[in-house]
Structure formats: structure tokens, C-alpha cells
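Trainee: missing the sequence, but the structure's below:
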């Protein structure tokens, strides 16, 4: 992903937000219209997407998306622009709860309130109330930082994808009617598919229920991502004012506290009530009964509770064209009990951090599972690729069809009256950084950038290896010091052949046929690696690299890089650092900003912890020396053996606390890759050929002379 050749490193300040905050907070919308965008949050969707192609508004968009995310989105936008989608399948993308921007339409520049930090600081959230509130507020677009990546991936795959924004405050019946009307228009002469995140899946079901038989036949597919078909406990926490997102929002709002926002704004939204947990699914508390709610603190509105009770009856039932993708392995509130007149929530890993698995599973709809957080589902790479395949053929092998929890039952309980966690370390208003603003709504709709935040709206951050084993995807751990260089390191359990990134890096010994991880990639390349090795096209000299494009083969990566390791019995720490340095330099100079690799030379008998330290040392050295030429964004370290994976995980966290990473802001994330697809070998020549075993025989100095004597 190309960057300008020389750019001063920006701080984590709010950039455009700070530039206009003082005056804009007090100014009216006409001032903003006359002078143009006061900050990045004033840009309309169409201008943002156009600017990604032209390079305009770079500073504003880097502040909005984040620098790394901006580069990724711009590169993808340019790729998608070259694909012809006219006449292709129409796909409407529905964001989740809070994922659509709300405000008033204007001729020049819309008056955006949700979500606009300057307007929120000025106390304008009160204008969103639906109880005698402003009647002319409507959906103005979507929160692009959370769902644009999915749209661009679909367009790159040839789908005519567009967003369907909706006013998530309102009830599902009315929102469904709006979508049903658009489906009728879009379906004139062609099929329409829906891809819906979270609440968007319920809006889609409400729309399908209002289509007649002929119109419904035009619906090619409905794919839901983390949809709470039977409710979620997040709305309970929101209506009680205990959700951490609300506390972050109140820290930004300089005029209203949490109780004020809940009692006068949040609890007027019918859409929120309609996503309360269904008693018939969860048992326990009947949340639609006003009498069961605690009497202290913010209260829900009785008329809205009663009206929401039978909302499920107005939604479409299961259909063969429906598919659901659900997140698992995240700390999620999965049940609640009344104790001492208060709600007590039980948390387990059976969910995506916001929606319990019991709610996301809608029988008998076909279900796929992914270890991912609720807010990150729309821009998860594997999920995006799976959505493309599901839209195209109705099938995918990239996600698991079953999920077995490694630990059942609750992890801990969370009391409704727990002491609140102070967000942003007590900072408020303008003191909240641009990066923190991007992650304001993470539990519901998260940006492309992956933060280190707690899950389950508990305000609790568990150690990466604590309650969930390393094989499961966890919230990243961010180790930041001087923030000179941001680097995401993913530790992945599974085959490197299943990683979705630009380049895969493998080590190659002199005179040794590629084995192990190279064998898995070779299968995807139709035996090309073994053929090239037999023709001595790979030298294997220390530090030399050979690039092999993947072309039309099924690998997700664009290229495979082979790094020479020298002779099998002479690999040591310094040689490994040299090889890793060469890899990093080559990729940065060729503008490749992400790659995946394995433990290079792992089969040579070297110590795993020492090898990992040397590998990272060489990579980081190469990155530092070439930082003026480009920037590496992400590195994925792959391992198929669970025990070695766990050992690497602990070593990686240990290394993060050493001086090795002083010049880097490191984000460490543990993930689980999808299994390799089972397919017959492409070439007979590689059928049944086991990995070779090598015996290294050396004569020690002096032994020959002693024997002769």
C-alpha cells in the first residue's frame, strides 16, 4: 500500500477534530456549511469514498480512519474501482445498531449529530430523543470506518454493493417497511442479496416478512453477521446506564451525565427495547415486564417495554436462502438473575462479546462460527472472504460449521451496581484522542483498527492467556511506548496456507526440498514449489529471497517469498537475524505492508524461544532501517502445533516487555485460522511422498588423526 515518500510521524491527537473543536462546538450548522467541513466527521459518505480514489482530504481521512486503515482502504478502493460491477448481483449492506449516521439533511453540508464528537461535546445528543424530539432527524449515511472495508471487498469481487442506512432508534416494523420498499425497487429485473450486521439482520427479517411471494423470490440470499435473533443483554445494560459505551459517551458530552443521557435520550428508542433478551429463549428474568426492573437508577419506559414484547412475531421465519455467521470465544454476558433487587450478569465465552451464542444461533438456519468480536465481524478478513463465497455459490469452507467451547459455564459474575470504571483515565471532551474517538462504539460497531479494549461491556480486561486458551481469538494486547512505529503482530494457530495477507514467507535450506509448511502451500500452487526446487530455481543462500506470484491459484496471498537459510547444519542466531532483516527490507521496499511467516528453520533443532527472539530482532532491525521507504503494518506468525503455539505466545509477551521493542507500539493478537480444505493432490508426483529425513554427518577436528594413530 503506497505511502508518500516522506511524512512526519503524527501524534495521537485529534488532528482535524482539535482544529475545529473550539469554535465549532459553539457555532451553528450554517457556519459549517459556509466554510466547508470543520473536521473529518463532517465529510459525507460520497465524498469520503471519492477522496479515497483521488487522494484528496488525506489529512482528514487519516484522522477519521487512522493512518494504517486509510492506506488499506485506499488501496482496496483503487482495486475495486478497476472491477466492472455494472449489471452484477445487487448487494445491500446493512450496518448494525448505532452504525448509521443520524442528523438533518442540508443542501450544502448535512448537520450530522450521530456520531459527531464536536456536536456531542456541545450537548446535542438530546436532539436525538424520540419523545417529543426533533422530527426531521434521519439516517444520513453509514459509519464508514466500520463497514466500508466489507463493501470494497464485495465490489472488488464483482458485486454491485451499496449501503442501506437506517434510523436505528426506531422500531423494526417501520425500518423493515423502508427496506422492503427499496428491495422492490432494486429487484426490478435482477436479484438482490442482503448482508446485515447485528441489528441490521433484524431489520432485514422485518423487511422480508413484508414481501409477497414473487418479491421474495428475488431475494437471492440473506447473510447475517452476529445478529441477536433472540436479543442481547447489552440493551439491558444500556437502559440501566451501566454499559461502558455510555460512560465513554458521557465523558465526551460536556453537558450531560450517564443518567441524563439514559433517561432523556437512550430510553426513548423503540429499537433498543426490541432487542432485549427473549424470556422463552433465556428463561429467568422477563425483561418486558416493567415490575422486574430495579427501582434505583435509570428506568425503562413501560409503554415501550410492552410494545416490544411480541416483536419476534413480526419478523420473517427461517428460509433456505438465509445464512448466519456468529462470533464466539469472547467474554459475553449470557444470562442474568435478580439478586438483592439488582441484576447480576453471568459472563462466559459463548458469544461475540455483545450477542450471546444462544441468541445468534437461529435454527435451522445454516450457521458458521468465527472467533471474533461483535463489532469487528464486518471487517474480519476471513469473514469477508466467506461472505463473497456465500453470495457467489452459497457455500464456504473458510469458517467452521461447528464450535466446541474449550470451557463451559460462566467465567465470572458482574453485579449491576459494580463500581463504574472511569473511561479515558478521567479525561473528557477535547482531551479524548482521535484514536479513542474511533473506538467509542467498539462493542457495537468497531473501526478497522483493532483496539485493546475490554469485552462484554464489563470494563474488565483479562490477560490474553487467562480465561480462554491461546488457540482462541482474543482481544489484542497493546504495548506502546514512544509510539514511533505501530506494528500489529498476530499469533495464529493453523496452517500458513489459510492466512489472508499480501505475502507468505517461507525459509529454504540449500539442497533441501521444501517440506512442512511449504508442502501445504505447494498443494495450493499445484506442485509448483517442488517443481521449481527440483530445477534448482531456489538457491537457498543466506539472505537471498525469491518471489513467486500466486496468480490464479486459491491462496489468499498475492505472493510467496522464499528466504534462503544457508546449509541445514549451520543456521544460528546471527544468520536467522540476517535472513529476517532481508525479508523485512525487501517487503518494505516493494510496498508490501503485511506478511505471514512460520518459525524459519524450526526443523533445524534450534531453541524455539531463542529462534523467535532472533526472528523478531531481524525483522524489527530491517523495519527501522527502511522506515523512510515505507511502513510495515502487520506480521502474522503461524504455528500448527498447539504446544509450540502456546510457548510462542508466552515468549512473545515476554519479549514485548524488553528493550527489543522500545521503538515500537506493538499490538499482539492471538487468532485461530480456519482448517485447510480437504482436496486431492493436483499432481501424481507428490502423492504419498513423505517428508524426507536428513542425517547430518560431520567429522569433528582431530578425530581422524587419533583414529590413524
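Mentor: Done, it's in. Nothing here was measured: the structure is a model prediction, and the numbers come from that model.
Trainee: ranges for the strands of the stretch 301-450 of the chain?
Mentor: With DSSP state E, counting those that start in this stretch as the criterion, the stretch 301-450 of the chain has strands at 322-328, 332-339, 342-348, 366-371, 412-415.
Trainee: out of those strands, which comes closest to residue 534?
Mentor: strand 366-371 (38.7 Å; Cβ to Cβ). Just so you know, the C-beta spots here come from the backbone N, C-alpha and C atoms, and that holds for glycine as well.
Trainee: Tell me which residues are up against that closest one.
Mentor: For strand 366-371, the surrounding residues in contact (Cβ atoms under 8 Å, 6 or more residues apart in numbering) are 322-330, 361, 377, 380, 382-383, 386, 396, 399-403, 472-473, 671-672.
Trainee: Try it again at 7 Å.
Mentor: By Cβ atoms under 7 Å, 6 or more residues apart in numbering, the residues outside strand 366-371 that reach it are 323-329, 361, 380, 382-383, 386, 399-401, 403, 472-473, 671-672.
Trainee: And those residues, which of them are buried?
Mentor: By neighbour count, with 16 or more other Cβ atoms under 10 Å, the contacts of strand 366-371 hold 323-329, 361, 380, 382-383, 386, 399-400, 403, 472-473, 671-672 as buried.
Trainee: ok so, going back, mind checking the strands of the stretch 301-450 of the chain for the one nearest to residue 632?
Mentor: Closest among the strands of the stretch 301-450 of the chain, using Cβ to Cβ: strand 366-371, at 24.6 Å.
Trainee: Just the angle for that closest one relative to strand 322-328, thanks.
Mentor: 20 degrees (axes from the mean of the first three to the mean of the last three Cα atoms, to 10 degrees).
Trainee: List the buried residues in strand 366-371.
Mentor: Neighbour counts over strand 366-371 (16+ other Cβ under 10 Å) mark 366, 367, 368, 369, 370, 371 as buried.
Trainee: Distance of the nearest residue to the fourth one once chain neighbours are set aside relative to residue 352?
Mentor: Spelled out, that is residue 369. Nearest residue to residue 369 in three dimensions, chain neighbours excluded: residue 403, at 4.0 Å (Cβ to Cβ, 6 or more residues apart in numbering). Distance of residue 403 to residue 352, given as Cβ to Cβ, to the nearest Å: 11 Å.
Trainee: Can you check which residues contact both of those two?
Mentor: Joint contacts of residue 403 and residue 352 (Cβ under 7 Å, 6+ apart) are residue 328.
Trainee: Tell me the confidence at the most centrally placed residue in the chain?
Mentor: Residue closest to the average C-alpha location in the chain (Cα atoms, centre = their mean): residue 376, at 3.3 Å. pLDDT, residue 376: 93.
Trainee: same deal with residue 476?
Mentor: 52.
Trainee: And for residue 21?
Mentor: Reported pLDDT for residue 21: 38.
Trainee: do residue 246 as well
Mentor: Residue 246 carries a pLDDT value of 92.
Trainee: pretty sure residue 387 is touching residue 194, no?
Mentor: No - Residue 387 is beyond contact range of residue 194, at 11.2 Å (criterion: Cβ atoms under 7 Å).
Trainee: before we move on, back to that, residue 638 versus the residue nearest to residue 369, what's the distance?
Mentor: Distance from residue 403 to residue 638, by Cβ to Cβ: 21 Å.
Trainee: Next: residue 97.
Mentor: 35 Å.
Trainee: Helices of the stretch 151-300 of the chain, residue ranges please.
Mentor: 172-186, 199-208, 213-217, 234-240, 244-252, 258-264, 270-273, 279-282 (DSSP state H, counting those that start in this stretch).
Trainee: Please state the offset of the fifth one from the chain centre?
Mentor: Read that as helix 244-252. 22 Å (Cα atoms, centre = their mean, to the nearest Å).
Trainee: repeat for the first one
Mentor: Taking Cα atoms, centre = their mean, one finds the center of helix 172-186 at 28 Å from the center of the full chain.
Trainee: weakest of the strands of the stretch 301-450 of the chain by average pLDDT?
Mentor: strand 412-415 - the lowest mean pLDDT of the strands of the stretch 301-450 of the chain, at a mean of 85.
Trainee: got the contact list for that strand?
Mentor: Residues outside strand 412-415 that contact it (Cβ under 7 Å, 6+ apart) are 342, 344, 345, 346, 347, 458.
Trainee: that older thread, need the helices of the stretch 151-300 of the chain in JSON lines with distance to residue 572, can you?
Mentor: Converted to JSON lines, the helices of the stretch 151-300 of the chain look like this (distance: least, Cβ to Cβ, whole Å):
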{"stretch": "helix 172-186", "distance to residue 572": "62"}
{"stretch": "helix 199-208", "distance to residue 572": "54"}
{"stretch": "helix 213-217", "distance to residue 572": "66"}
{"stretch": "helix 234-240", "distance to residue 572": "53"}
{"stretch": "helix 244-252", "distance to residue 572": "49"}
{"stretch": "helix 258-264", "distance to residue 572": "58"}
{"stretch": "helix 270-273", "distance to residue 572": "61"}
{"stretch": "helix 279-282", "distance to residue 572": "58"}
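Trainee: Those: which one's closest to residue 486?
Mentor: helix 244-252 (21.8 Å).
Trainee: tell me what that closest one is packed against?
Mentor: helix 117-121, helix 258-264 (3 or more Cβ pairs under 7 Å, 6 or more residues apart in numbering; DSSP states H and E).
Trainee: 10 Å instead, please
Mentor: helix 117-121, helix 234-240, helix 258-264, helix 434-438 (3 or more Cβ pairs under 10 Å, 6 or more residues apart in numbering; DSSP states H and E).
Trainee: in stretch 306-315, what counts as buried?
Mentor: 308, 309, 311, 312, 315.
Trainee: Now for those residues: which two are most distant?
Mentor: Most distant of these, by Cβ to Cβ, are 309 and 315, 13.4 Å apart.
Trainee: Please enumerate the shared neighbours of those two.
Mentor: Common contacts of residue 309 and residue 315 (Cβ atoms under 10 Å, 6 or more residues apart in numbering): residue 274.
Trainee: before we move on, back to that, adding distance to residue 254 as columns, could you present the strands of the stretch 301-450 of the chain in TSV?
Mentor: Formatted as TSV, the strands of the stretch 301-450 of the chain follow (distance: least, Cβ to Cβ, whole Å):
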stretch	distance to residue 254
strand 322-328	34
strand 332-339	30
strand 342-348	30
strand 366-371	38
strand 412-415	29
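Trainee: how about those, which one is nearest residue 525?
Mentor: strand 366-371 (26.1 Å).
Trainee: Would you mind finding the most buried of the helices and strands packed on helix 244-252?
Mentor: Of all those, helix 234-240 carries the top mean neighbour count, a mean of 25, counting by mean count of other Cβ atoms under 10 Å.
Trainee: Check which helices and strands that helix is in contact with.
Mentor: Against helix 234-240 (3+ Cβ pairs under 10 Å, 6+ apart) you get helix 244-252, helix 258-264, helix 270-273, helix 302-308, strand 332-339, strand 342-348.
Trainee: which residue sits closest to residue 524, ignoring its sequence neighbours?
Mentor: residue 555 (4.7 Å).
Trainee: How about the backbone phi and psi for that neighbour?
Mentor: phi -60, psi 140 (degrees, to the nearest 10).
Trainee: how near is it to residue 124?
Mentor: Counting by Cβ to Cβ, the gap from residue 555 to residue 124 is 49 Å.
Trainee: Mind listing what's buried along the strand or helix carrying residue 577?
Mentor: Element membership for residue 577 (DSSP states H and E) is helix 573-589. Buried residues in helix 573-589, counting neighbours by 16+ other Cβ under 10 Å, are found at 573, 575-588.
Trainee: residues contacting the residue lying closest to residue 149 once chain neighbours are set aside?
Mentor: By the measure of Cβ to Cβ, 6+ apart, the closest residue to residue 149 outside its immediate chain neighbours is residue 379, 4.1 Å from it. By Cβ under 10 Å, 6+ apart, the contact set of residue 379 is 69, 72-73, 145-150, 152-153, 197, 372, 446-450.
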